[in-house]
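Colleague: I would like the atomic coordinates for the input below:
(one chain, ligands or ions: 1)
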Amino acid sequence: MTNDIIRARDVHAWYGSSHILHGIDFNLKRGETVGLLGRNGMGKSTLIRSLLGHVRQRSGTIELQQQDMSRARPFHAARLGIAYVPEGRGIFPNLSVRENLLMSARAGRNGTTAWDLDRILDTFPRLAERLDNMGDQLSGGEQQMLSIGRALMTNPDAIILDEATEGLAPLVVAEIWRVISLIRHSGLAALVVDRNYRKVMEQSDRLVILEKGRVVLQGEAAPLRDDPTQIHQYLGV
Ligand SMILES: Nc1ncnc2c1ncn2[C@@H]1O[C@H](COP(=O)(O)OP(=O)(O)OP(=O)(O)O)[C@@H](O)[C@H]1O
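Modeller: Reported below is the predicted structural model:
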């Protein structure tokens, strides 16, 4: 049995007549954290959105949990245990923190309910203090925590975080990275996109770098951390 939660081969994607992804191969294995890097507009979000079925105009082979996703719709990915925290969050503004969390609660594919309300509130003490506040009364950082909390409440096998720290104050950013590290060490697989490439390198087992819709570098994170010359070259930093 393969260990891949996500397995994609030769993925192309288009927005109208703009050809954005040009034949991408990508894997996410059980339990690993992959950092997806690349300068602005290189196709990171488009790759994620294509893998999950949000981009209609796509081709190639995409399998989630060994199931063919070529015709699948976004809710299939969620059902297969792949939780997505999109750029710009996605919470219910008119529901309380508690309601937001409880409405996402469900057992994982293997029946686990390891992530329940108590564990989320232990993980995010800020949410515990705001349980009865409405989503739209939260700060940006609290909304982001809630969005991650909602994803974890589904007891997924993998979580995808696209720019989870974008636009947040430094203390909140540090808090989100603490949780990303905790998620990583909990055994859940993760795919992480973030502008802070140093943090991504530090928190990933493997790195994938995109340039103009192609994978230009991928490999174990440790050697790339030790010698970041290539990373600097591709990221222009
Ligand atoms: N909905 C859309 N319609 C048309 N073009 C799009 C759309 N979304 C993204 N693009 C274009 O596709 C290309 C890849 O964008 P994408 O958002 O995937 O990049 P990214 O690597 O995630 O960068 P960023 O960090 O800026 O989000 C860019 O040229 C962008 O302008």
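
Colleague: Kindly tell me how buried the spatially closest residue to residue 116 that is not a sequence neighbour is, as a neighbour count.
Modeller: Residue nearest to residue 116 in three dimensions, not counting chain neighbours: residue 105, with 7.0 Å by Cβ to Cβ, 6 or more residues apart in numbering. Yep, even glycine has a C-beta here, placed from its N, CA and C like the rest. By other Cβ atoms under 10 Å, the residues close to residue 105 number 16.

Colleague: pLDDT score for residue 105?
Modeller: Confidence at residue 105, expressed as pLDDT, is 96.

Colleague: which ones are touching it?
Modeller: Residue 105 is in contact with 113, 116, 117, 153, 154, counting by Cβ atoms under 8 Å, 6 or more residues apart in numbering.

Colleague: buried sites along stretch 107-117?
Modeller: 115, 116, 117 (16 or more other Cβ atoms under 10 Å).

Colleague: ugh, typo on my part, it should be stretch 135-142
Modeller: For stretch 135-142, by 16+ other Cβ under 10 Å, it's 135, 138, 141, 142.

Colleague: I figured the second one hits residue 97, correct?
Modeller: Yes. Here residue 138 lies in contact with residue 97, judged by Cβ atoms under 8 Å, at a distance of 7.2 Å.

Colleague: what's the overlap in contacts for the two?
Modeller: Shared contacts of residue 138 and residue 97, counting by Cβ under 8 Å, 6+ apart, come down to 130, 146.

Colleague: List the neighbours of stretch 51-58 that are in contact with it.
Modeller: For stretch 51-58, contacts defined as Cβ under 8 Å, 6+ apart pick out 6, 8, 11-16, 21, 26, 46, 49-50, 62, 64, 69, 72-74, 76-77, 82, 84, 160.

Colleague: Could you point out the helix or strand that follows the longest helix belonging to the chain?
Modeller: Looking across the chain with DSSP state H, the single longest helix is helix 170-185. Next along the chain after helix 170-185, taking DSSP states H and E as the criterion, comes strand 189-193.

Colleague: Counting by contacts, list what that next one packs against.
Modeller: For strand 189-193, the elements it packs on are strand 18-29, strand 33-37, helix 44-51, strand 158-162, helix 170-185, helix 197-203, judged by 3 or more Cβ pairs under 8 Å, 6 or more residues apart in numbering; DSSP states H and E.
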